[in-house]
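1. One predicted model, sequence on top.
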Amino acid sequence: MQADTHGDTAVIIAAKDEQDRIAATVEAAASLPGVDLVVVVDDGSADATGRLAEGSGAKVVRHSRNRGKGAAMETGAAAARLLDRDVPRHLLFLDADLGESAKQAGPLIEPVRNGSADMTIAIFSELVKLGGHGFVVRLSRDGIKRLTGWTAGQPLNGQRCLTRAAFDAGQPLAPGFGVETGLTIDLLRKGFKIAEVEVPLSHRATGTDWRAQVHRGRQLRDVARALAAREPAVARQLGRLRRAGR
Ligand SMILES: Nc1nc2c(ncn2[C@@H]2O[C@H](COP(=O)(O)OP(=O)(O)O)[C@@H](O)[C@H]2O)c(=O)[nH]1
Ligand SMILES: [Mg+2]
């Protein structure tokens, strides 16, 4: 990341307890062409995630308590906005556990940069076998298909690049791990163009221990909530409540 080079893209990384991988992820992200800002949102980590991210050159924003992935992404985008110059940067969201493989994320930016997509979603060419989390993937994919007609290859993939306009149109983001499912549905419904891009990224394999089970339980809950909130009847009521609160 060269301080005096003007790029057009900010990388936003939501991270919770990622001290083993965050430094490598930040360094790889900063080396991507056109990236001149890396923001890490340390979402109430109990480890050295924030300190290590800062030491690797990221701007770090910390949630003093854990608020979930969707909220962390909003915080990261708000921080990037404060550091925007005249033209708002595109936002490339990357998970914290990509490590060095994050340097392969460049193709996610291209379609957004050249205007052929408003949001890209990564397709990992080498999917690490994830014990059991296929159920949540199917729930998300089927829900997106039912509500929009579109079939997503890897609907929960968090590696995605958006124009600022598309990100703004996706507000408010669905809470927690419902964020990817919600964003995909909301942008498609508003007529934004989504492109899937195969990239050779890899992340930590989620195991089968109790932590992994808890993680999957949270994902299931959040994806189900994101879908429920977007059912037409519920969405109409939420829309009315929101407008009334303005
Ligand atoms: N903001 C936030 N991010 C989280 C939380 N839990 C996990 N993450 C991040 O979300 C991303 C995906 O999490 P990960 O554990 O790799 O899930 P998986 O890829 O679905 O197995 C990583 O960048 C994590 O650091 C959380 O509670 N809050
Ligand atoms: Mg992961």
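-> Received the coordinates, thanks. Ligands and ions are numbered 1, 2, ... in the order given.

2. Low-confidence bits of the chain, can you list those?
-> Scanning the chain for pLDDT under 70 picks out 1-5, 127-133, 206.

3. can you pull out the helices in it?
-> 22-30, 49-55, 69-82, 106-113, 134-148, 164-169, 179-189, 210-229, 232-245 (DSSP state H).

4. Up against ligand 2, what does this structure have?
-> Contact residues, the chain versus ligand 2 (Cβ under 5 Å from the ion): 97, 203. All C-beta atoms are positioned from the backbone trio N, CA, C, and that covers glycine.

5. how distant is the longest strand along the chain from the center of its chain?
-> Longest strand in the chain, counting residues (DSSP state E): strand 35-43. What separates the centre of strand 35-43 from the centre of its chain is 12 Å, taken as Cα atoms, centre = their mean, to the nearest Å.

6. Provide the strand pairings for that strand, with the direction of each partner.
-> According to DSSP bridges, strand 35-43 has the following sheet partners: strand 9-15 (parallel), strand 59-63 (parallel).

7. is it possible to export those to TSV including distance to ligand 1 and mean neighbour count?
-> Conversion of the strands paired with strand 35-43 to TSV gives the following (distance: least, Cβ to the nearest ligand atom, whole Å; neighbours: other Cβ atoms under 10 Å):
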stretch	distance to ligand 1	mean neighbour count
strand 9-15	4	28
strand 59-63	7	18
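
8. Export those as CSV, with columns for distance to residue 111.
-> As requested, these are exported to CSV (distance: least, Cβ to Cβ, whole Å):
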stretch, distance to residue 111
strand 9-15, 12
strand 59-63, 26
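
9. so which of those strands comes closest to residue 215?
-> The minimum distance between residue 215 and these falls on strand 9-15, with 14.0 Å, by Cβ to Cβ.

10. That closest one: how far from the chain's middle?
-> Centre-to-centre, strand 9-15 and its host chain are 8 Å apart (Cα atoms, centre = their mean).
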